[in-house]
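Visitor: Only the shape, not the letters, is given here:
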């Protein structure tokens, strides 16, 4: 569309320039010709007084020599009173042309080699004298080439200027259209953060407003769906964990075994539902300014829930860094789901009485959440981080770590598994605050540690 507009503007401007420049160039050439012959008429008028005073050949030759330049003038005297016709100066016009002018009694021009001649008749007592003035071709075209060059330059400048203006107008129209197309493609690919700047021509601006409104509605619908999935996770996984732990203490009776088998079946079904919901979720961009939650508040809330179960199993619990607000660009439900997944893994894959802790460290550009335990650890951390593989323990689906990894990567951060100070596993969630690429080294040195801890 941009180049089509440029081509149309180029064609229209070229037609306008030709329509004005060609007639103007012809007018300039005609004006130069008129100027040359007007000068010739003035030169012819110089000898008229001399012709009315004397007919002496020598006197007339001096007058012609002084009036003309470079043999450019001739005077043709008629015959009469016993005199023969006299031609003074260099004659270039044909005798027939001179005779025709003398007979008609009005000025005329004739083409001669190298230019033209002006034949000016003058009526005197001795008859009609014809004054011939030579006008070279160079004098007729004097200044015409320069004028045409100026006109051509102005025309080219106008054409180039119109192309530049058309290009800018085309960019102003095409750029919003391309952004709208790109935004539609990104939204179709599942990038729900895709938005279009509401600028440009009025029609495209209104289309951008409608597109952004539609994208907001899609995001809201999917957010409601994700909230429903998160609510399902909170309502089913947590009671199932408690039920499984209680079922473990029922003994070895057939009823107890059936109960444990039913609980395991329910857990597998819930894992299937969660896996399906996670795989159906489209990729989104990082939240905009103003979105997110208070990580410290979410940690306190989830630790209050899990502390009751920890007390029943004799587990020591420690939290740190949650005594003041820590804002992160993550939805509250997403962070709560990630914490529940990690803490659920602690209860599921470590023996009763195993201590665990949650620490929050923040800096200007990132927040680190550490979930550590005193259990046996993960034999192969790299395999555990692979999507869907799990930790390798019985009943592990890998969904918990996958949820946590997606959460961190949505901010430009990452997740790492290491050895904790308690002797077991430490899972470090690095949440980037400014959307930059995750730092690959020196994480710990850039974070202000907040060591004031509370125990539960």
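Guide: Okay, I see it. Everything numeric in this text was worked out from a predicted model, so none of it was measured.
Visitor: what's the helix or strand where residue 111 lies packed up against?
Guide: In the assignment (DSSP states H and E), residue 111 maps to strand 108-112. With contacts taken as 3 or more Cβ pairs under 8 Å, 6 or more residues apart in numbering; DSSP states H and E, strand 108-112 sits against helix 95-104, strand 115-124. Quick note: C-beta positions are derived from backbone N, CA and C, even for glycine.
Visitor: can you pull out the strands in this protein?
Guide: Assigned by DSSP state E, the strands in the chain fall at 73-77, 86-89, 108-112, 115-124, 127-136, 293-294, 317-320, 327-328, 356-362, 366-373, 414-419, 425-432, 453-455.
Visitor: Format those as CSV; extra columns: mean neighbour count.
Guide: Conversion of the strands of the chain to CSV gives the following (neighbours: other Cβ atoms under 10 Å):
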stretch, mean neighbour count
strand 73-77, 23
strand 86-89, 18
strand 108-112, 16
strand 115-124, 19
strand 127-136, 22
strand 293-294, 18
strand 317-320, 18
strand 327-328, 20
strand 356-362, 23
strand 366-373, 23
strand 414-419, 16
strand 425-432, 23
strand 453-455, 12
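Visitor: closest to residue 166 out of these?
Guide: Closest approach to residue 166 among those (Cβ to Cβ): strand 425-432, 44.1 Å.
Visitor: What are the contacting residues of the strand holding residue 111?
Guide: 37, 92-94, 97, 100-101, 116-119, 134 (Cβ atoms under 8 Å, 6 or more residues apart in numbering).
Visitor: Would you give the sheet partners of that strand, along with the direction of each?
Guide: Partners of strand 108-112 in the sheet, by DSSP bridges, are strand 115-124 (antiparallel).
Visitor: Residues touching the strand it pairs with, excluding its own?
Guide: 37, 40-41, 44-45, 48, 51-52, 92-93, 97-98, 101-102, 104-110, 128-140.
Visitor: what's the angle from that strand to helix 95-104?
Guide: 40 degrees (axes from the mean of the first three to the mean of the last three Cα atoms, to 10 degrees).
Visitor: picking that back up, got the strands of the chain as TSV, with mean pLDDT columns?
Guide: Converted to TSV, the strands of the chain look like this (pLDDT from 0 to 100):
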stretch	mean pLDDT
strand 73-77	80
strand 86-89	75
strand 108-112	85
strand 115-124	83
strand 127-136	83
strand 293-294	90
strand 317-320	94
strand 327-328	91
strand 356-362	94
strand 366-373	94
strand 414-419	91
strand 425-432	93
strand 453-455	41
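Visitor: mind putting the ones you listed in TSV, distance to residue 159 included?
Guide: Below are those laid out as TSV (distance: least, Cβ to Cβ, whole Å):
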stretch	distance to residue 159
strand 73-77	46
strand 86-89	50
strand 108-112	37
strand 115-124	36
strand 127-136	35
strand 293-294	60
strand 317-320	73
strand 327-328	58
strand 356-362	61
strand 366-373	56
strand 414-419	57
strand 425-432	52
strand 453-455	76
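Visitor: Show me the one of those that comes nearest residue 407.
Guide: Nearest to residue 407 among those is strand 425-432 (7.1 Å), distances taken as Cβ to Cβ.
Visitor: for the closest one, packing partners?
Guide: strand 366-373, helix 399-409, strand 414-419.
Visitor: Now the second one: average pLDDT?
Guide: When you say that, I think you mean helix 399-409. Helix 399-409 carries an average pLDDT of 81.
Visitor: What is it packed up against?
Guide: Looks like helix 399-409 contacts helix 254-280, helix 332-349, helix 381-385, strand 414-419, strand 425-432 (3+ Cβ pairs under 8 Å, 6+ apart).
Visitor: Residue 155 is nearest to which of the ones you listed?
Guide: Of those, nearest to residue 155 by Cβ to Cβ is strand 425-432, at 57.9 Å.
Visitor: Next, the angle from the closest one to strand 414-419.
Guide: Angle between the axes of strand 425-432 and strand 414-419 is 160 degrees (criterion: the same axes, to 10 degrees).
Visitor: Mind listing the strands strand 425-432 pairs with, and their directions?
Guide: Paired neighbours of strand 425-432 in the sheet (DSSP bridges): strand 366-373 (antiparallel), strand 414-419 (antiparallel).
Visitor: How far does the first one sit from its chain's centre?
Guide: For strand 366-373, the distance between its averaged C-alpha position and the chain's averaged C-alpha position is 40 Å (Cα atoms, centre = their mean, to the nearest Å).
Visitor: What count of nearby residues applies to residue 50?
Guide: Around residue 50 there are 18 other residues, counting by other Cβ atoms under 10 Å.
Visitor: Now do it against residue 432, distance only.
Guide: 104 Å (Cβ to Cβ, to the nearest Å).
Visitor: try residue 45
Guide: 95 Å.
Visitor: coming back round to it: same list (the helices and strands packed on strand 108-112) but as TSV, adding distance to residue 8.
Guide: Output for those, formatted as TSV (distance: least, Cβ to Cβ, whole Å):
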stretch	distance to residue 8
helix 95-104	54
strand 115-124	45
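Visitor: Tell me which of the ones you listed lies nearest to residue 13.
Guide: Residue 13 lies closest, by Cβ to Cβ, to one member of those: strand 115-124, at 37.7 Å.
Visitor: Contacts for stretch 236-246, please.
Guide: 260, 263-264, 266-267, 270, 274, 305, 309, 313, 340, 344, 347-348.
Visitor: what mean pLDDT would you report for that stretch?
Guide: 73.
Visitor: ok, longest helix in the chain?
Guide: When the chain is scanned for its longest helix (criterion: DSSP state H), the result is helix 2-53.
Visitor: tilt between that one and strand 127-136?
Guide: 140 degrees.
Visitor: Now do helix 2-53: which elements does it pack against?
Guide: Helices and strands touching helix 2-53, by 3+ Cβ pairs under 8 Å, 6+ apart, are helix 57-67, strand 73-77, strand 115-124, strand 127-136, helix 137-140, helix 144-188.
Visitor: Okay then, goodbye and thanks.
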